[in-house]
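J.: Provide a 3D model corresponding to the input given below.
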Amino acid sequence: MTFWLLFKRWIISHFAHLNGRILGLVVLAYAVIGWLLLYWAGESAMTQSLSRYVYYLVVTASTVGYGDYSPVTECGQWITSFWIILAV
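T.: Numbering: from 1, shown residues only. Okay, here's the model as predicted:
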């Protein structure tokens, strides 16, 4: 079998057993890793309060992007481009 077929079979078998608890843990891990990356990049405007970060995460991940909060550092822009937007 080709790699793609093996990978497809593996994905289907693991998503067939996906439940709400595992999905919640994945979403929580995604949010925590995103916050840590932005904190490390020095994006204090978005990481100083939980409510502001959740708002930024939901607005940016849903690609609405109101623009009231945006990364100011180059590293923060890369993190937003490749983790916050593309990971969803």
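J.: give me the element Leu57 is part of.
T.: Element membership for Leu57 (DSSP states H and E) is helix 50-61.
J.: Give me the buried positions along that helix.
T.: Neighbour counts over helix 50-61 (16 or more other C-beta atoms under 10 Å) mark 53, 56-57, 60-61 as buried. For every residue, glycine as well, the C-beta is placed using N, CA and C.
J.: mind checking how far Cys75 is from Gly24?
T.: Applying C-beta to C-beta, to the nearest Å, the value for Cys75 to Gly24 is 29 Å.
J.: out of those two, which sits in the busier spot?
T.: The neighbour count for Cys75 versus Gly24, taken as other C-beta atoms under 10 Å, is higher for Cys75 (14 against 10).
J.: That one: what's it in contact with?
T.: Shown in contact with Cys75 (C-beta atoms under 8 Å, 6 or more residues apart in numbering): 41-42.
J.: Which helix or strand contains it?
T.: In this structure, Cys75 sits in helix 74-79 according to DSSP H and E.
J.: Which secondary structure element is home to Leu28?
T.: helix 20-40.
J.: what's the angle from that helix to helix 50-61?
T.: Comparing the axes of helix 20-40 and helix 50-61 via axes from the mean of the first three to the mean of the last three C-alpha atoms, to 10 degrees yields an angle of 100 degrees.
J.: any idea how far Thr2 is from His14?
T.: Going from Thr2 to His14 by C-beta to C-beta gives 19 Å.
J.: Looking at the two, which one has more neighbours?
T.: His14 (10 against 7).
J.: What strand or helix carries that one?
T.: helix 3-15.
J.: what angle separates that helix from helix 20-40?
T.: Using the same axes, to 10 degrees: helix 3-15 against helix 20-40 is 110 degrees.
J.: remind me which residues of the chain are low pLDDT?
T.: In the predicted model, the chain carries pLDDT under 70 at residues 1, 87-88.
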